[in-house]
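Visitor: next input, structure requested:
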Amino acid sequence: MENKTKYDHCESVYWVFTQLCNDQCDHCYNLSGPRGERISEEECLAVIDNLPSSVDRLILSGGEPLAERKKLYLILDALKERYGDRTQIMLQTNGDLLTGEILDTLIEKGVTRFDIASIDRFHKAQGARLMELAELFDSRGVDGDEKDPLVEKDNYLQKGRLTWGFWGATEDMWLGGNWARGRAMEKDIWLRDPDHNFCAILSGAIGFLNGGDSIPQEISIQLWAVNPCCPGTKEAMGDARTEKVADVLARVAESPVFQMLDLGDPYRMGERVGVSEEYARKRCAELGNVCLWCDEFFERFYDIRSLEPRAEEGYFKLPVV
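Guide: As a prediction, this is how the structure comes out:
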């Protein structure tokens, strides 16, 4: 009961409520596009009902949220009804579909932070609308002084202010090839660098249970799948349509595997189930990417659903290194 109470407050929730998108970028980790996966309005409302009772900020993303504008407005209304003004609502968008009328509606419905996540070579417009969007935001009194994503603990909450920023994929950071996922895998543009520990930075798993001195506690929900990070584990920790997110977090918080992920250390997550750090680093080097090592670990050595070692790959059957 103590853990459930603790996790009924979350500093930050990143929710991809749709994978529908007007674009189909080569680097996209969740295969968003014109045929991207969606969930129903009823399922979205169920997710909202199962969110923690207290959320400091909630980031809505996709896909492209404005590609499902009716559903986005429904979600914003439901969040307003549940949280009032206690939760900062942020929107990540590629900006392609944003107009003055839509911006007015979003502000009216409670969005106070806008991030244009498309200023790079992967997106169709490749940042061509940036100056137009800057003028649009300025015309509505949306402050553009803070251009970067709000990732610092001291900055991540900006209640009472309307702000916007912009960013995009690069070769070694954010979505530009470091996540061995989705279309980035298909197009072979994922980052082959076993020393790049994405787990140890915001949007990775670090702090998803307890936060940290410099980053907020943040979880990721991909449609309905509750994850410790944006790339996501091999299987979800839980289903936000049918489970209270606080209960999911309380359950995995008892696992030494997820405790180590909370520390941002995927190389040591298997130590308590017989998978040494030495072996993990060896496999990570061979696979070329920490996300691929995470996939292999959960596929071979640890069952996320039961939170138990997989019997067929127990301690005595591990390769000797």
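Visitor: check contacts around the spatially most central residue of the chain.
Guide: Centroid check for the chain by C-alpha atoms, centre = their mean gives Cys230 as the closest residue, at 3.1 Å. Going by C-beta atoms under 8 Å, 6 or more residues apart in numbering, Cys230 touches 14, 29, 179, 203-204, 220. The C-beta positions use only the backbone N, C-alpha and C, and glycine is treated the same way.
Visitor: just give me the closest of these to Phe122.
Guide: Tyr29 (11.3 Å; C-beta to C-beta).
Visitor: quick check: that closest one touching Glu186?
Guide: No - Tyr29 lies out of contact with Glu186 (C-beta atoms under 8 Å); the separation is 10.8 Å.
Visitor: the two - which one has more neighbours?
Guide: Between Tyr29 and Glu186, Tyr29 has the larger neighbour count (other C-beta atoms under 10 Å), namely 23 against 12.
Visitor: domain boundaries for the chain, per the record?
Guide: What automatic domain parsing lists as the domains of the chain is 2-248, 255-317.
Visitor: would you turn these into CSV with mean pLDDT?
Guide: Below are the domains of the chain laid out as CSV (pLDDT from 0 to 100):
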stretch, mean pLDDT
domain 2-248, 89
domain 255-317, 91
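Visitor: do I have it right that Met237 meets Arg305?
Guide: No - using C-beta under 8 Å, Met237 is not in contact with Arg305; the gap is 9.2 Å.
Visitor: the more surrounded of those two?
Guide: Legend: neighbour count by other C-beta under 10 Å for Met237 and Arg305, higher for Met237 (25 against 9).
Visitor: nearest residue to the more buried one in space, ignoring adjacent ones along the chain?
Guide: With C-beta to C-beta, 6 or more residues apart in numbering as the criterion, Met237 has its nearest non-adjacent residue at 4.8 Å, and that residue is Val226.
Visitor: again with Ile215
Guide: With C-beta to C-beta, 6+ apart, the residue lying closest to Ile215 is Leu202, at 4.6 Å.
Visitor: now do the phi/psi pair for that neighbour.
Guide: With angles defined as degrees, to the nearest 10, Leu202 sits at phi -60, psi 140.
Visitor: so how far is Asp23 from it?
Guide: The gap separating Leu202 from Asp23 is 24 Å, by C-beta to C-beta, to the nearest Å.
Visitor: follow-up on the earlier one: who does the residue nearest to Ile215 bridge with?
Guide: For Leu202, the beta-bridge partners under DSSP bridges are Gly204.
Visitor: mind starting the numbering at 53 from now?
Guide: Okay, residue one is now 53; in that scheme the one you just asked about reads as Leu254.
Visitor: burial measure for it, as a count.
Guide: When counting by other C-beta under 10 Å, one arrives at 23 neighbours for Leu254.
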